[in-house]
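Peer 1: Fold the stuff below for me.
(one chain, ligands or ions: 1)
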Amino acid sequence: MKVTIFGSGYVGLVTGTCFADAGNDVVCVDIDAERVAQLQNGEVPIYEPGLDDMLTFNQEEGRLRFTTDPAEGVNHGLFQFIAVGTPADEDGSADLHYVLNVAQTIGQHMDDYRIIVDKSTVPVGTADKVRSVVGQQLRERGSSLEFDVVSNPEFLKEGAAIDDFVKPDRIIVGVDNPRTAELMKALYSPFNRNHDRLISMDIRSAELTKYAANAMLATKISFMNELSNIAERLGADIERVRIGIGSDPRIGYHFIYPGCGFGGSCFPKDVQALAHTAQEYDYQPELLEAVQRVNRNQKDILMQRIREYFGDELQGRTFALWGLAFKPNTDDMREAPSRVLMEALWDAGAQVQAYDPEAMDEVERIYGERADLELCDNQYDALEDADALVVCTEWQVFRSPDFERIRQALRQPVIIDGRNVYTPSVMEAMGFTYYGIGRGE
Ligand code: UGA
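Peer 2: Numbers count the residues shown, from 1 in each chain. Predicted coordinates for the structure are as follows:
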């Protein structure tokens, strides 16, 4: 089948590459000429395990092409996927500017029936806006071409995106007629084997499903983070409580790990946008507001720990940070808790020596060269003469380090663990002063 994907960002690249890998003929369109040139040379501008090889293989096979020419894209695919960004507007609502620009482009250039698929995370009602923009363009051209609009939100996790696409838990398709539903089903059939995972529903419900899923997951995390703060004060260990409650299948073990707050390009933005939509429709979303507040406070927790131990005078102190990306297996720094910590340390006059297995270039791009930031070549270099080690992201490589080396390198044997990677009793037995999250044994 012929597929066009607008937007060669995270979602667009994974979607386009996976469709091509299933044998479809895919054209990806992006307005960023530099990015397109890179992609044409087989260079993948984001870090996602497995994407490089899959992308270049399908490019060589001639099933995956990149262009800046929107007309070429519109003329190519029966399916026109919109996978451009929806950044948060100043007031917290999703900025639909890019999505509607693509809709306009499709309306200007289409010369045959098209299925326009919203893949970007967009507020309820966006499909109607897309329909009206495309319709307007066609009317201006005096054209009576037909088209359909579909909501097909994506549920990819960074770091596991290929697997999530190829073996999805569910494929949500919001449609308003059976013919489009059948065509979408056919397109997704390579990823929908063994048992039917495609859930077809009306468009508005599909749009809301995406926000509901992310808001639910974010709520689970904020709930656990709040509970960890209570556990600490009560002298209870949140890790035991986590295992205790997770055993109830109604609760489950997934996504109840306490930590130094959730980040990334999705949860913070989507919870905020859903709360904003609710308010627009005259509903005050108490729980969604609380989820955001708890998360904002939780991102301060590492700095609080530092002040607890070292006091408020941090001028001249140096802190080693392990893990900067918002989670392991990505180089994505968007809304990462490490940023809140680094910025607070710099404000207090402290030095940061940091290491992340993938995000170093991204950190350099964001913060540039600074006298109070040293980006280290490996995790142990970051420890040299630092006052404490702070773990912000639970990369696998940090789980079993050489603790003797850590103790020797640090000025003081202090570990502040924002992801509960280590066990308090073991750390204490090794002579470390150890702070975890919610570990008030
Ligand atoms: C999230 C969702 O998991 C995807 O299903 C969704 O498609 C995606 O957003 C999106 O809307 O595009 P992602 O942002 O890649 O995916 O990251 P997650 O793995 O969900 O992690 C989000 C944050 O929650 C991270 O900062 C992580 O450290 C934190 N987290 C996660 C916890 O603090 N505790 C947990 O138990 C789980």
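
Peer 1: Against the ligand, how distant is Gln137?
Peer 2: The spacing between Gln137 and the ligand, counted by CB to the nearest ligand atom, to the nearest Å, is 29 Å. Every C-beta, even on glycine, is put in place using the N, C-alpha and C of the backbone.

Peer 1: before we move on, which element is that residue in?
Peer 2: In this structure, Gln137 is located in helix 126-140 according to DSSP states H and E.

Peer 1: what about Ile115, which helix or strand?
Peer 2: Here Ile115 is covered by strand 114-118, with elements defined by DSSP H and E.

Peer 1: which residues touch Ser265?
Peer 2: Residues touching Ser265, when contacts are defined by CB atoms under 8 Å, 6 or more residues apart in numbering, comprise Tyr10, Glu158, Asp332, Arg334, Glu335.

Peer 1: got the angle for the longest helix seen in the chain vs strand 114-118?
Peer 2: Ordering each helix of the chain by length in residues (DSSP state H) puts helix 203-234 first. If you take axes from the mean of the first three to the mean of the last three CA atoms, to 10 degrees, helix 203-234 sits at 20 degrees to strand 114-118.

Peer 1: Just give me how far stretch 265-285 sits from the chain centre.
Peer 2: With CA atoms, centre = their mean, to the nearest Å as the basis, the distance from the averaged C-alpha position of stretch 265-285 to the chain average is 17 Å.

Peer 1: Could you list the buried residues of that stretch?
Peer 2: Burial within stretch 265-285, assessed by neighbour count using 16 or more other CB atoms under 10 Å, is assigned to 265-279, 285.

Peer 1: Quick one: mean pLDDT over that stretch.
Peer 2: Per-residue confidence for stretch 265-285 averages out to 95 on the pLDDT scale.

Peer 1: How about residues contacting stretch 274-287?
Peer 2: Contacts for stretch 274-287 (CB under 8 Å, 6+ apart): Asp91, Gly92, Ser93, Pro123, Val124, Tyr211, Ala212, Ala215, Thr219, Leu288, Glu289, Gln292.

Peer 1: swap the cut-off to 6 Å and go again
Peer 2: Stretch 274-287 is contacted from outside by Gly92, Ser93, Pro123, Tyr211, Ala215, Leu288, using CB atoms under 6 Å, 6 or more residues apart in numbering.

Peer 1: Mind picking the two most distant members of those?
Peer 2: Of all pairs drawn from the contacts of stretch 274-287, the one with the largest separation by CB to CB is Ser93 and Ala215; the distance is 15.1 Å.

Peer 1: Could you check which of those two has the larger neighbour count?
Peer 2: Each of Ser93 and Ala215 has its neighbours counted (other CB atoms under 10 Å); Ala215 has more, 21 against 17.

Peer 1: For the residue in the chain sticking out farthest from the centre, give me its contacts.
Peer 2: Among the C-alpha atoms of the chain, the one most distant from their mean position (CA atoms, centre = their mean) is that of Gly142, at 41.5 Å. Shown here is Gly142, which makes no contacts under the criterion CB under 6 Å, 6+ apart.
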